[in-house]
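Student: sequence first, then the predicted structure, then my questions.
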Amino acid sequence: VERAGSASQIDGLLTDARNQLQRAVELDGEPIEPRLHLAQANLESGEMLTAAKLCDSLLTHISSRGGASGDVLAETHRIRALAGNQLFTDARFNNRDDPDQLAAARNAFRALEKMNRLPAELCRTWSVLEQRAKNNDEALAIYARALQRTPNDVKLLGGLVTRGNETQDVERAAAILDKRTDALGLFYSGMARYHAGTFAPLVARDPGKTNAYLRAAVSAFTGSMAKESGYGDSCSQWIAIAQAAQGFAALATNPPQVDGALRHFLDAARIAPARFTAPVSGERSVKTGIQLVVDQYYRKPDLPGAIAALRQTCAVFDGDADLWNNLGLFCRDHGVALETAGKPELAKKLFEQSLTAYDHAVHLAPTPRHHNDKIVLQLYHLNRDTEAAAKTLRECIVTGEKQLAEDPPQNPQQLRDLQETVGDCYQNLGYYLMKFAGDPKGARSNFEKSLTFHPFKERSSNGWLAELDKQPAK
């Protein structure tokens, strides 16, 4: 209510001022200042057509008097440009055209440009006007000319990059900054090249060209921070983003360039570790890219390739429990394959490597899932520390069931993952009791309990229960 009252009071004051100025002009139309103030008042009140007419009349009056000061002329042209812009925009919004207002607005903007009175915000307004008029070349040329006058205006530099995206003329925006060799110019040149390199229609049409833009973006950002150390952090972030984009582009080829993609993702992780899990391409992160690379190796199938990719990643970025856990999983699976192939010594080496990776994962994130995955290796493949493993399984069951009862994950997939993990812990505890503790009754109870968790009757517990059924009763 207060705001509404205040707005009403302001509107009333503007109306009073406008009326008083109107009377003053009617009494004596010769002075320039009252007429200019009247045009300003109408612009601020949203009376665009009246403001436009007042400016047209005032410019004629100024000409008849032999001119006016630069400030007066600039303000008159500014009001005329903004009024014409709004009138043309309103017409377009209502599916109409207004060529007269478009021409008048353009003339006013050009006058301001000639007077060197066109700040960045008016450049943007004019550029948007030209875009609405379907004149994208001029929409970017406005920024190109402005940057010739003030090459280090960051609003203009940023505006050019933005307008290139909004007009979908990313290549021209990049070309405008091509010759910049200073630190600031190189930074924005890098941004423009990055946007050209990730512009979807261009990617689909000429992936080789967009990849060249991404390489040029990395080069520009590298040159920028070499010339100005203060740009180091921002440039590093952008280099990582561009390198990640190269990685995703490599994966999108047919067939995917998996090795090349991995190099790009690792380079991104090295130069900007903070961006490892942050979005770099839509919602995708460098970590997402690594996971896609590993998945490609896994599907070939190429377990050694997947393991090598994860090892390289963990060497570069050693603080991600999921990746360490995946490394443990793939080393374990490769060990099983070697064991099946009659290579027990090689299998043992892989199992030890798996254990080391799982230890890292548990250290970083001692969750029930990570503990359980490590314990699978201990119980089924190494037969090591089995009593400690059973104790940990019992603790994980308590932790997991408490979370399911008191604070279950809201995400459906995360909820199912937790349910599956608790079921796995029951199943593996049953295996321990059957194979190591000589407790078939306890084993049966845990196997049966595991079947109440996803994936229910698809669990291996059914096989172990069948094995228990074959044992003679004690």
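Tutor: On my side now, so go ahead.
Student: from here on, contacts and neighbour counts on C-alpha atoms
Tutor: Fine.
Student: which residue, other than its chain neighbours, is closest to H195?
Tutor: V170 (6.5 Å; C-alpha to C-alpha, 6 or more residues apart in numbering).
Student: the one you found and F199 touch, don't they?
Tutor: Yes. With contacts counted by C-alpha atoms under 8 Å, V170 reaches F199, the gap being 7.4 Å.
Student: for those two, indicate the residue with more neighbours.
Tutor: When V170 and F199 are compared on other C-alpha atoms under 10 Å, the one with more neighbours turns out to be V170, at 25 against 17.
Student: so who does that one touch?
Tutor: Contacts of V170 were listed using C-alpha atoms under 8 Å, 6 or more residues apart in numbering, and they are 161, 164, 192-193, 195-196, 199.
Student: again with N325
Tutor: By C-alpha under 8 Å, 6+ apart, the neighbours of N325 are 357-358, 360-361, 370, 373.
Student: would you convert those into JSON lines that also reports neighbour count?
Tutor: Output for these, formatted as JSON lines (neighbours: other C-alpha atoms under 10 Å):
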{"residue": "A357", "neighbour count": "24"}
{"residue": "Y358", "neighbour count": "29"}
{"residue": "H360", "neighbour count": "21"}
{"residue": "A361", "neighbour count": "27"}
{"residue": "H370", "neighbour count": "24"}
{"residue": "D373", "neighbour count": "23"}
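Student: now, which of the residues you listed sits nearest Q20?
Tutor: A361 (76.3 Å; C-alpha to C-alpha).
Student: and that closest one, what is it in contact with?
Tutor: A361 neighbours (C-alpha under 8 Å, 6+ apart): 320-325, 370.
Student: looking at the residues you listed, which are in helices?
Tutor: 321-325, 370 (DSSP state H).
Student: need the contacts of A361 in JSON lines (columns: pLDDT and distance to L122).
Tutor: Formatted as JSON lines, the contacts of A361 follow (pLDDT from 0 to 100; distance: C-alpha to C-alpha, whole Å):
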{"residue": "D320", "pLDDT": "96", "distance to L122": "47"}
{"residue": "A321", "pLDDT": "97", "distance to L122": "50"}
{"residue": "D322", "pLDDT": "96", "distance to L122": "50"}
{"residue": "L323", "pLDDT": "97", "distance to L122": "50"}
{"residue": "W324", "pLDDT": "98", "distance to L122": "53"}
{"residue": "N325", "pLDDT": "98", "distance to L122": "55"}
{"residue": "H370", "pLDDT": "98", "distance to L122": "57"}
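Student: neighbour-wise, which one of those leads?
Tutor: Result: N325 is most packed of the contacts of A361 (other C-alpha under 10 Å), 27 neighbours.
Student: can you tell me how far it is from V258?
Tutor: For N325, the distance to V258 equals 21 Å [C-alpha to C-alpha, to the nearest Å].
Student: ok, T76 next?
Tutor: For T76 relative to V258 (C-alpha to C-alpha), the value is 61 Å.
Student: settle it for me: which of these two has more neighbours?
Tutor: Ranked by neighbour count (other C-alpha under 10 Å), T76 and V258 place T76 first, with 25 against 21.
Student: what is the burial count for E75?
Tutor: 18.
Student: which strands and helices sit next to the helix or strand containing it?
Tutor: According to DSSP states H and E, E75 maps onto helix 70-93. Judged by 3 or more C-alpha pairs under 8 Å, 6 or more residues apart in numbering; DSSP states H and E, helix 70-93 is in contact with helix 32-44, helix 48-64, helix 99-114, helix 120-132.
Student: what mean pLDDT does it get?
Tutor: Average pLDDT, helix 70-93: 97.
Student: hmm, who's touching that helix?
Tutor: If you take C-alpha under 8 Å, 6+ apart as the criterion, helix 70-93 is touched by 36, 39-40, 43, 48-49, 51-52, 55-56, 58-59, 97-99, 101-102, 104-109, 111-112, 115, 117, 125-126, 129, 132.
Student: again, but for stretch 419-431
Tutor: 368-369, 372, 376, 390, 393-394, 396-397, 400-401, 404, 442-447, 449-455, 460-461, 464.
Student: repeat that with 6 Å
Tutor: 369, 393, 397, 400, 443, 446-447, 450, 453-454 (C-alpha atoms under 6 Å, 6 or more residues apart in numbering).
Student: adding distance to G430, write the ones in helices among the contacts of A361 out as JSON lines.
Tutor: What follows is those, written out as JSON lines (distance: C-alpha to C-alpha, whole Å):
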{"residue": "A321", "distance to G430": "27"}
{"residue": "D322", "distance to G430": "26"}
{"residue": "L323", "distance to G430": "28"}
{"residue": "W324", "distance to G430": "26"}
{"residue": "N325", "distance to G430": "23"}
{"residue": "H370", "distance to G430": "18"}
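Student: tell me the one of those residues nearest K287?
Tutor: The closest of those, once distances to K287 are taken by C-alpha to C-alpha, is L323, at 8.7 Å.
Student: tell me how far the closest one lies from R459.
Tutor: Distance from L323 to R459, by C-alpha to C-alpha: 25 Å.
Student: check S354 too.
Tutor: Distance from S354 to R459, by C-alpha to C-alpha: 23 Å.
Student: give me the mean pLDDT for the helix or strand where V362 lies.
Tutor: Using DSSP H and E, V362 maps to helix 344-364. Averaged across helix 344-364, the pLDDT comes to 98.
Student: for that helix, output the C-alpha coordinates as PDB.
Tutor: Provided in PDB are the C-alpha atoms of helix 344-364 (Å, rounded to 0.1, in the frame of the first residue of the first chain):
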ATOM      1  CA  PRO A 344      45.300 -65.600 -11.000                       C
ATOM      2  CA  GLU A 345      48.600 -63.700 -10.400                       C
ATOM      3  CA  LEU A 346      47.500 -60.800 -12.700                       C
ATOM      4  CA  ALA A 347      44.000 -61.000 -11.100                       C
ATOM      5  CA  LYS A 348      45.500 -60.600  -7.600                       C
ATOM      6  CA  LYS A 349      47.400 -57.400  -8.700                       C
ATOM      7  CA  LEU A 350      44.100 -55.900 -10.000                       C
ATOM      8  CA  PHE A 351      42.300 -56.800  -6.700                       C
ATOM      9  CA  GLU A 352      45.000 -55.100  -4.700                       C
ATOM     10  CA  GLN A 353      44.700 -52.000  -6.900                       C
ATOM     11  CA  SER A 354      41.000 -52.200  -6.500                       C
ATOM     12  CA  LEU A 355      41.400 -52.200  -2.700                       C
ATOM     13  CA  THR A 356      43.700 -49.200  -2.800                       C
ATOM     14  CA  ALA A 357      41.100 -47.300  -4.900                       C
ATOM     15  CA  TYR A 358      38.200 -48.300  -2.500                       C
ATOM     16  CA  ASP A 359      40.300 -47.100   0.500                       C
ATOM     17  CA  HIS A 360      40.600 -43.700  -1.100                       C
ATOM     18  CA  ALA A 361      36.800 -43.600  -1.800                       C
ATOM     19  CA  VAL A 362      35.900 -44.600   1.800                       C
ATOM     20  CA  HIS A 363      38.400 -42.100   3.200                       C
ATOM     21  CA  LEU A 364      36.900 -39.200   1.100                       C
END
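Student: right, I'll call it a day here.
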